[in-house]
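>>> Sequence first, then the predicted structure:
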Amino acid sequence: MRYFLVTTILMSSLAFSQQVEKKPTIFDIKHVAKENILADLDQFVNFIKETHPRIGYTANNKRLDSVVKALQNTIKDSMPINKVWDVFATLNPFFNDAHVGIIGPNHLYEEYVLGGGSKLPFSVKINDGSIFIDAINLPENTEYSNYKIVSINGVKSSTILEELLPKMRGESRSLQELILSKRFPVFYIMYYGDFKEHTIELADQHENKKRLTINAIDFKGFAANKNKESYYALEMLNDSTAYLKIASFDIENKDVFKMFLEDSFAKIHTQKISNLILDVGENGGGARDLSDLLLDYLTENKYTATSKVEARVTSENQSLIPNAKIGDVVTVPFPNWVTPNNEVTVFKGNVYALVSKQSYSQAIVFTTIIQDFNLAKIIGEETAGKANQTGQVQNIQLNYTGFTVYCPIYIFSRAKVVDESRGVIPDVEVTYTKALEKTLSLINCKQRP
């Protein structure tokens, strides 16, 4: 067995000395004329200027025109569409908000798949500068969960991240890692091509290496997506403490989430749990509908996520703002009170919420509510996204490339007035990896006579 392991590692080193040759895809073959690239770049930037209530809230507005001018000067001739996306996506980090910028070219990815292109037979999690296996379409799937990916088809993971992360939207590297994790198949194929066979070099927690070769043709139906149920988990940590993992508020998960809450809180009440830990540290957001479902179990009193809003007036919201004209930017009071559903039994014990730099969007909004209305003690890291979130995201498709651009029309101020330049500041600050341990320590201290 020892000889086999050493041989495998040596073979891996030899096999990965050269990058596998890229097979062109629609991303390489489809070209865009220079004048059309420039027209789409103008449309991209003008849409954000005309839609965002205040670009300077997250970005250096004074530098925008010079940054765009520099990009225009790099466009000398027609370009493959993947290179066009790469140029446009240079603006994403500049806006410093995951709600603003150009998203992955999903329409081209769908066209690629319909044309016979192979999907990736694995999904990934990216964290702290490394890529990890999330799920893999093999019988021994769970065996490789959380293994670090050293290289994919001869390209080092560090090289992949150096090329892709600077093109992602987001306020921080951790949020960019989250976005890249969710859309990794699109970006990997756009940049590195179609492979009918994927060779992945993995390393376990002891840095023991293993090479897997997966025939993508055999797994054409694998979508490399998590089951909806896997975003949620209940664990009874002891006789008095329950842990709820809530890793998504995605609207598509609403029915699954509602059932999860019903089942979980039935067990929590039956077992007379007195301490509840909610983990939204890996929650990248979603819809208010889901966070409101959770809040039904945490309070009987009405609450609001907002106190005021800075808004760009559009045809969509003009009727809500008296005397406003389309294109105006106005700031108005905006308490949006919600009365919880009285049909569920509210948890009456101690509530703790774990947050991280990757908690984002609706996860941030949820955290501000439970903090502002004293529904829970917040433990973990300050969120990378601001506590006063942008929202009501609009989108357009660019005329010639078909790329989708996002931009919000609102800047919401949370119910409690705070420094708008900061994220959610935990009541107890500790790294996310130590947040659960710290919470259990606080619970133990509180329970001592």
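Ah, there it is. As the structure is a prediction and not an experimental result, all values here were calculated from the model. Residues are numbered from 1 along each chain as shown.
>>> which outside residues touch stretch 323-339?
With C-beta atoms under 8 Å, 6 or more residues apart in numbering as the test, stretch 323-339 has contacts from 50, 53-54, 292, 295, 302-315, 318, 321, 412-413, 415. Every C-beta, even on glycine, is put in place using the N, C-alpha and C of the backbone.
>>> buried ones in that stretch?
Neighbour-count burial for stretch 323-339 flags 324, 330, 334 (criterion: 16 or more other C-beta atoms under 10 Å).
>>> which is the next helix or strand following the helix or strand harbouring the second one?
Assigning secondary structure by DSSP states H and E places residue 330 in strand 329-333. Elements were assigned by DSSP H and E; along the chain past strand 329-333, the next helix or strand is strand 350-355.
>>> in its sheet, what does the strand holding residue 330 sit against?
Note on strand 329-333: by DSSP bridges, its sheet partners are strand 306-312 (antiparallel).
>>> nearest to residue 183, of the buried residues of stretch 323-339?
Minimum distance to residue 183 across the buried residues of stretch 323-339 is 31.7 Å, recorded for residue 334 (C-beta to C-beta).
>>> Could you report the neighbour count for residue 437?
Around residue 437 there are 11 other residues, counting by other C-beta atoms under 10 Å.
>>> now swap in the one 3 residues further on and tell me
A count of nearby residues for residue 440, using other C-beta under 10 Å, gives 17.
>>> ditto for residue 53
By the measure other C-beta under 10 Å, the count of residues near residue 53 is 20.
>>> And for the one 3 residues further on?
The burial metric for residue 56, expressed as a neighbour count using other C-beta under 10 Å, is 10.
>>> Check residue 316 too.
The burial count for residue 316: 12, using other C-beta under 10 Å.
>>> same check, this time on residue 131
24.
>>> Who are the contact partners of it?
124-125, 148-149, 157, 160-161 are the contacts of residue 131 under C-beta under 8 Å, 6+ apart.
>>> how would you label it: helix, strand or coil?
strand (DSSP: H, G, I helix; E, B strand; the rest coil).
>>> Relative to residue 389, which of the contacts of residue 131 is nearest.
Nearest to residue 389 among those: residue 125, at 23.8 Å, using C-beta to C-beta.
>>> can you list contacts of the helix or strand where the closest one lies?
In this structure, residue 125 sits in strand 122-127 according to DSSP H and E. Where contact means C-beta under 8 Å, 6+ apart, the residues beyond strand 122-127 that reach it are 131-137, 146, 149, 161, 174, 177-178, 180-181, 184-185, 198, 200, 214, 224-226.
>>> Parallel or antiparallel, which strands does it pair with?
Applying DSSP bridges, you get strand 130-136 (antiparallel) as the partners of strand 122-127.
>>> Now do the lengthiest strand in the chain: which elements does it pack against?
In the chain, taking DSSP state E as the definition, the longest strand is strand 404-414. Where contact means 3 or more C-beta pairs under 8 Å, 6 or more residues apart in numbering; DSSP states H and E, strand 404-414 is packed against helix 34-51, strand 101-102, strand 306-312, helix 362-372, strand 390-397.
>>> Tell me the buried residues in the first one?
Applying a neighbour-count criterion of 16+ other C-beta under 10 Å, one finds 36-37, 39-41, 43-45, 47-48, 51 buried in helix 34-51.
>>> ok and the helix or strand that comes right after that helix relative to helix 34-51, angle-wise?
Once helix 34-51 ends, the next helix or strand along the chain (criterion: DSSP H and E) is helix 64-74. Taking axes from the mean of the first three to the mean of the last three C-alpha atoms, to 10 degrees, one finds that helix 64-74 is oriented at 170 degrees with respect to helix 34-51.
>>> Now helix 64-74: average pLDDT?
Averaging pLDDT along helix 64-74 yields 95.
>>> quick one: buried residues of it?
64, 68, 71.
>>> can you give me how far it is from the chain middle?
28 Å (C-alpha atoms, centre = their mean, to the nearest Å).
>>> What of stretch 34-50?
Taking C-alpha atoms, centre = their mean, one finds the center of stretch 34-50 at 26 Å from the center of the full chain.
>>> contacts for that stretch?
By C-beta under 8 Å, 6+ apart, the residues outside stretch 34-50 that reach it are 32, 55, 64, 68, 71-72, 75-79, 84, 87-88, 91, 95, 100, 102, 327, 396, 398-401, 403, 405, 407.
>>> Selecting buried members of those in PyMOL, what would you type?
Filtering the contacts of stretch 34-50 down to the buried ones (16+ other C-beta under 10 Å) takes a single PyMOL command:
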select buried, resi 32+55+64+68+71+75+79+84+87+88+91+95+100+102+398+400+401+403+405+407
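>>> Pretty sure residue 377 sits against residue 353.
Yes: assessed by C-beta atoms under 8 Å, residue 377 is found in contact with residue 353 at 7.3 Å.
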